[in-house]
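**Student:** Build me a model:
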Amino acid sequence: MEDALWTRGVRKKENLKINRYEFQTDHGLRKWFKKRCELSGIKSINIEKLMGHSIGISDSYYKITEDAKMNF
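**Tutor:** Below you'll find the predicted structure:
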């Protein structure tokens, strides 16, 4: 993702001295994905699993059902 921004000229060498960019690429994409999932009605626990987040003790026990997989 970062390489694509440099290749397309979104990230520029003159901005290297600045500690922050206008936006964080990976974070922005993950935030957009989560919001799209929420708006489409996917359960929050399934969204967290899709994003690779830990859901606590449930990591060991929670399994997404076949029906839930079909609704993605």
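**Student:** residues contacting the residue nearest to the spatial centre of the chain?
**Tutor:** When C-alpha atoms, centre = their mean is applied to the chain, the residue found nearest the centroid is R30 (1.9 Å). By C-beta atoms under 8 Å, 6 or more residues apart in numbering, the contact set of R30 is M51. All C-beta spots, glycine's among them, are computed from the backbone N, C-alpha and C.
**Student:** Please point out which parts of the one helix or strand it maps to sit buried.
**Tutor:** Here R30 is covered by helix 25-39, with elements defined by DSSP states H and E. If you call a residue buried by 16 or more other C-beta atoms under 10 Å, then helix 25-39 has these buried ones: K34, C37.
**Student:** Can you tell me which helix or strand of the protein has the lowest average pLDDT?
**Tutor:** The weakest-scoring helix or strand in the chain, judged by mean pLDDT, DSSP states H and E, is helix 66-70 (a mean of 71).
**Student:** hmm, back to that, and the residue nearest to the centre of the chain, how far is that from S54?
**Tutor:** Applying C-beta to C-beta, to the nearest Å, the value for R30 to S54 is 15 Å.
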